[in-house]
Every structure is written in C-alpha cells, then in structure tokens.
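**Student:** Got a sequence here, can you model it:
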Amino acid sequence: MVAGLIGLRSRMEPVITTTVAVSYWPMFVLIVSMAFVVVGIAVLKIHPFFVLILAAVLVGMLSSQLPDAGYANHLIRAVELSMSELGSVAGSIAFVILLAAVIGMCMLESGAADRIVRRAIAVLGESRAPLALLAAGFFLSIPVFFDTVFFLLLPIARALALRTGRNYVLYILAICAGAVVTHVLVAPTPGPLLVAEILRPVGVELGTSMLAGILAGIPPAVAMLYLARRIDARKPIDLRETPGISLNELEDAAARPDSELPPFLLSVLPVVVPVLLISASSIVDAGAANAPATGGPSGTFPAELTYYVNFLGNKNVAMLIGTAIAVYILARQKKMGLQSVTEAVGPTIATGGVIVLTTAAGGAFGAMIRHSGVGDVIRVIAEDYRINYVLLSWLVAAVIRLAQGSATVAMITSAGLMTAIVADGSALPVHPIYIFLAIGFGSTFCSWMNDSGFWVVGKLAGFTERETLQTWTVLTIFISVFGLIQLLLVSRLLPFR
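**Tutor:** Predicted coordinates for the structure are as follows:
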C-alpha cells in the first residue's frame, strides 16, 4: 500500500497557484494520515499511542523529502526521525505531566481539593452554588484531569440536588463548564502544555499561555452558566442511582468533617505557586526583551533577579515545588512517612506514564506533518484566499476533534500543522497566542459518542445518551463557538503585533 502511495506522488507534483508553484502531495499525505488516525482510534479502537506513532512513520514514508537524519534510505529515515521526535517531545513534557498527576493525587487524597470546593460554596453561599462549582472546576482542572475533577465534584452536586430538590442539571453543567475550559487552555494539562511547547518557536511562552488561557476561559465558562440555567429549566432531570455509586455513599463523601481537611490557604498552594512562578518568568523575560540592543540598562528587571526568577519559573522546577507542597500536605494530613508517600505515588506515576507516551506520540505525529511540507501548501492557500489564521486554527482542531473524539489528539495535531503554516510567526497579523487559544477552543467542539468525556459525564451523572447529547454536548459546542467569536473580536481589536 505504502509503495503504491509513493508511486502516486509523482503524479501530484508541482501545481501553480495564483502566487507560487507548490506541490499538493503534502495535502494528500495529510489526508491519508488523518484518515489513518481517525480509523485507528475511533473505528478499530487501537490504543492512541500506537496509532499516532505509526501515523508519524507513515507521514515520513510518504513525504517527498525529510531532514537529513544520517540515513540514505528514505524509509529508514522516516522511522528514525519519528522515533527521534517522540523522544524529543517526551523529554520536554514527561516530567511536568508526571508531577501534575502527583499533585492531583495528593490534593484528592489529602482533602485539599475538597477544602477548596467547600470554601467556594461557603463564601458564595448555597444560592450561588453553581458559581462555586464552576469556580472549583475551573481551578482544580489546572493540575487535575477532567474526569477526576468531575468525579471529585459530583458528590457535592448530587448532595446539593438532594438538599434543594432541584437544579441537578445546572450543578452538573456548572462543574463541566469550569473544568473543560482549563482542561484545554491551561498547562500543565497535557494538551495545552504540549501545544505551548510546539508553538514556542513562533512566539508562544508557557507562562503567557497559562495567563491567557485563564483570562480567555472565564467569559465562555460564565456565559455557559447562564445557558445551563435555561437548559435546566427547560429539561430538568431527576437525581438517579448510578452503577456502583449509591446516593448514600455520595452523601457520606460530601459529609466529611472539616476538621479532617487541610487549611484553605495551604490547599491552594500546589496550584497557585507553579502558576505564579511560571508566569513571573514570562514577565521578566518580556522585560529583558525590551532591553536596548546596545548599551543602557539590561532590561526592566535587574539581571540577577531575572536569573533566579527564570530558574524558579522553569516549568520543571516550578512544578517540582508545587509537587513538594502537595506531598507535604498529604503527609501532614494522613500522618504518612516518606515510604508510605512513595508507595501512594507509585500507581499515579504508572498511569501518568501512559499519558506521557500518548501525548509524545501525538507530538511526533505533528512534527512529521511539519516535515512533510504541508504547512507551506496551506500557507499559500490561506494567503490566496485570505483565510483568517485564528479561524483556520479553530477549524482544524474542531474537525479533528469531531472526527476522532480526543481533545488532546486534536490539539497536538492542530498545533503541529499550524506551526508549519505560520513558520516563525513573523508573518502573522496577530500575536501567536491567539493561535494557541483557537486550537484549545476548537478542540472542545461537539463532544459526542466517540469521546470518553461524553461517557464519563453521562454515566456518572446518570443521564441517558439522549440527555447527555442535550446537555454535555450542547455545552462543548457553546463554549467552543463562544471562544472562537471572542477570539475573532479581541484579536481584531488587540492584535498585539
């Protein structure tokens, strides 16, 4: 099959567009590889790691030319370059993702996450419980994966619905609205973390992406809360028993004494400290960039301050500090020694390793797409037809998400493609952070039955498939489209170029 496709390449060589001569073969390679990914993951149910890394190799084999990897044999070069990209991506994200998984586990087991939720409800009041659940989901989904956040907050939503006798759909959608936004926009969640890494050559800094993701995520999340009220009023759903989770067990989980939980300020530190340190590093880097080319001050901040802030704000160091705080909270609350903590962390690291490999395989696939030359083709087409790059980024991510279900796969594939298109970022009419945000919002589009999140929300909440489509799926479409409109407006008013 591969030999036949390679033979077809000669019949699709340079075609003249309105501006330059360009081969459309890379577009064919992109289509074939995307079909391979969609069929492998969504139809054949093969593990995403194998599908993505094999897709990377397939792209290399079909590409007209590849960077010289020291092999004269093109097919061997395709294999070796794919493996090299896999290692490169894993090296840039593995430590951070594993630390994020440990932080999440420690916050759940120590009760720190529970404390944050209870404080939010206590401050805002039960009448504003939906806003409290939204805020808790938004905050906790930064270091904790979406499904874990949903399972954590579900008992509180069900307990509130039992107490009030209403608004169950509203409470569920409030949790989802907050958690899904930061899941796709704010590192160290694997998707946005890798997208920021891939887009770094075009001018996206990790700290900037975290701050931008938080700011851009607030409006659609809050707007979704108002839509959730209308959905709840139009189609109320009664509280139901769910498989393996009784109502009594959920009530008992929500009734854990406050005396068993860590203090609130200590509870938020594992999340707040890394965000602040990484953001501070980006700020001092921006100040250094404003330094005169010759002579004069070295920048907005003293060189010594920049030196140490950059060290503490390095993503690996910042996350390590956050992990140390989270482990301390767990040991303090559970009266655990070092050996007990190590044993508790072990399974989390094993689970995180699978996430690292899958994410790295997606990054390798995106890198091979860049090497294929498809970015040059799409860039020429976009310039010829004056396609908005923000809209293009959103469309690519949305189509990939709709086709194969995984938001993370959609994000990292889209990031690889867009990096190839925008080259060094100098030709972009807007700041590349808008590309990052557009990819994130596009990857949330229309979660349906090929997405694991659809089943997590539906089954745990006790919704039927039809009810999940009318609630959760509507939420993902609304947030995605709202985010796109927001970006198109803001990027036009504030391009930051």
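**Student:** mind listing the strands in this protein by residue range?
**Tutor:** Remark: strands assigned in the chain by DSSP state E are 15-16, 21-22.
**Student:** Let me see the mean pLDDT of the last one.
**Tutor:** Averaging pLDDT along strand 21-22 yields 50.
**Student:** Please apply the same query to stretch 239-246.
**Tutor:** 59.
**Student:** same check, this time on stretch 457-477
**Tutor:** For stretch 457-477, mean pLDDT rounds to 89.
**Student:** Can you list the buried residues in that stretch?
**Tutor:** 457-458, 460-463, 468-477 (16 or more other CB atoms under 10 Å). Backbone N, C-alpha and C define where each C-beta goes, glycine included.
**Student:** End to end on it, go ahead and measure it.
**Tutor:** End-to-end distance of stretch 457-477 (CA to CA, to the nearest Å): 15 Å.
**Student:** Contacts for it next, please.
**Tutor:** The contact list for stretch 457-477 (CB atoms under 8 Å, 6 or more residues apart in numbering) reads 150-151, 154, 169, 172-173, 176-177, 180, 224, 227-228, 231, 235, 237, 239-243, 245, 444-449, 453-454.
**Student:** Narrow those residues to just the buried residues.
**Tutor:** 150, 154, 169, 172-173, 176-177, 180, 224, 227-228, 231, 237, 239, 242, 245, 444-448, 453-454.
**Student:** From those residues, which land in helices?
**Tutor:** Those of these mapping onto helices are 150, 154, 169, 172-173, 176-177, 180, 224, 227-228, 231, 453-454, per DSSP state H.
**Student:** among these, which two are most distant?
**Tutor:** 154 and 227 (20.4 Å; CB to CB).
**Student:** burial measure for residue 52, as a count.
**Tutor:** If you count neighbours by other CB atoms under 10 Å, residue 52 ends up with 31.
**Student:** I'd say it and residue 410 touch.
**Tutor:** No: counting by CB atoms under 8 Å, residue 52 stays clear of residue 410, with 12.0 Å between them.
**Student:** Now do residue 458 against residue 468, distance only.
**Tutor:** Per CB to CB, to the nearest Å, residue 458 is found 4 Å from residue 468.
**Student:** May I ask which of the ones in helices among the buried ones among the contacts of stretch 457-477 comes out lowest in pLDDT?
**Tutor:** Lowest pLDDT among these: residue 154, 79.
**Student:** For it, which non-adjacent residue is spatially closest?
**Tutor:** Excluding its sequence neighbours, the residue lying closest to residue 154 (CB to CB, 6 or more residues apart in numbering) is residue 460, at 5.8 Å.
**Student:** same deal with residue 437?
**Tutor:** Of all residues not flanking residue 437 in the chain, residue 216 sits nearest, at 5.1 Å (CB to CB, 6+ apart).
**Student:** okay, that neighbour: pLDDT?
**Tutor:** pLDDT for residue 216: 96.
**Student:** Spit out the contact partners of it.
**Tutor:** Applying CB under 8 Å, 6+ apart, the residues contacting residue 216 are 185, 437, 483, 486-487.
**Student:** what does residue 408 give?
**Tutor:** 190-191, 358-359, 362, 443.
**Student:** any idea how far residue 261 is from residue 332?
**Tutor:** 11 Å.
**Student:** Looking at these two, which has the bigger crowd around it?
**Tutor:** Taking other CB under 10 Å, residue 332 and residue 261 do not tie; residue 261 has more neighbours (19 against 12).
**Student:** what's the neighbour count on the residue nearest to residue 397 when sequence neighbours are not counted?
**Tutor:** Spatially, and ignoring its direct neighbours in sequence, residue 397 is nearest to residue 442 (2.9 Å; CB to CB, 6+ apart). Burial of residue 442 is recorded as 31 neighbouring residues (other CB under 10 Å).
**Student:** correct me, but residue 442 touches residue 394?
**Tutor:** Yes: if you go by CB under 8 Å, residue 442 and residue 394 touch, sitting 3.9 Å apart.
**Student:** what does stretch 72-82 contact?
**Tutor:** 53, 56-57, 59-61, 63, 66-71, 364, 368, 371.
**Student:** Tell me which of those fall in helices.
**Tutor:** Counting by DSSP H, these place 53, 56-57, 59-61, 364, 368, 371 in helices.
**Student:** And those residues, which is the shakiest by pLDDT?
**Tutor:** Out of the ones in helices among the contacts of stretch 72-82, that is residue 371, at 82.
**Student:** right, and residue 109 touches residue 332 too?
**Tutor:** No: here residue 109 lies out of contact with residue 332, judged by CB under 8 Å, at a distance of 11.8 Å.
**Student:** Would you quantify the distance from residue 260 to residue 136?
**Tutor:** 18 Å.
**Student:** make that residue 224, sorry
**Tutor:** 15 Å.
**Student:** all helices of the stretch 251-400 of the chain, in order?
**Tutor:** Ranges of helices in the stretch 251-400 of the chain, per DSSP state H, counting those that start in this stretch, are 264-289, 303-312, 315-334, 338-372, 374-384, 389-404.
**Student:** List the buried residues of the first one.
**Tutor:** By 16+ other CB under 10 Å, the buried positions in helix 264-289 come out as 266-271, 273-285, 287.
**Student:** Which strands and helices lie in contact with it?
**Tutor:** Packed against helix 264-289 by the contact rule (3 or more CB pairs under 8 Å, 6 or more residues apart in numbering; DSSP states H and E) you find helix 74-110, helix 112-124, helix 129-140, helix 206-234, helix 303-312, helix 315-334.
**Student:** Which of the ones you listed comes out lowest on mean pLDDT?
**Tutor:** Among those, helix 112-124 carries the lowest mean pLDDT (a mean of 82).
**Student:** I figured residue 211 hits residue 278, correct?
**Tutor:** No: in this structure, residue 211 is not within contact of residue 278 by CB under 8 Å, at 9.1 Å.
**Student:** which residues touch the closest residue to residue 357 other than its chain neighbours?
**Tutor:** Nearest residue to residue 357 in three dimensions, chain neighbours excluded: residue 49, at 5.1 Å (CB to CB, 6+ apart). With contact taken as CB under 8 Å, 6+ apart, residue 49 is in contact with 354, 357-358, 361.
**Student:** Now restrict those residues to buried residues only.
**Tutor:** Among the contacts of residue 49, the ones that count as buried by 16+ other CB under 10 Å are 357-358, 361.
**Student:** Report the lowest-confidence entry in the residues you listed.
**Tutor:** residue 358 (83).
**Student:** So that residue sits against residue 48, correct?
**Tutor:** Yes: in this structure residue 358 lies within contact range of residue 48 using CB under 8 Å: 5.1 Å.
**Student:** picking that back up, of the helices of the stretch 251-400 of the chain, which stretch is the most buried?
**Tutor:** Burial of those is given as mean neighbour count (mean count of other CB atoms under 10 Å); helix 389-404 ranks first at a mean of 23.
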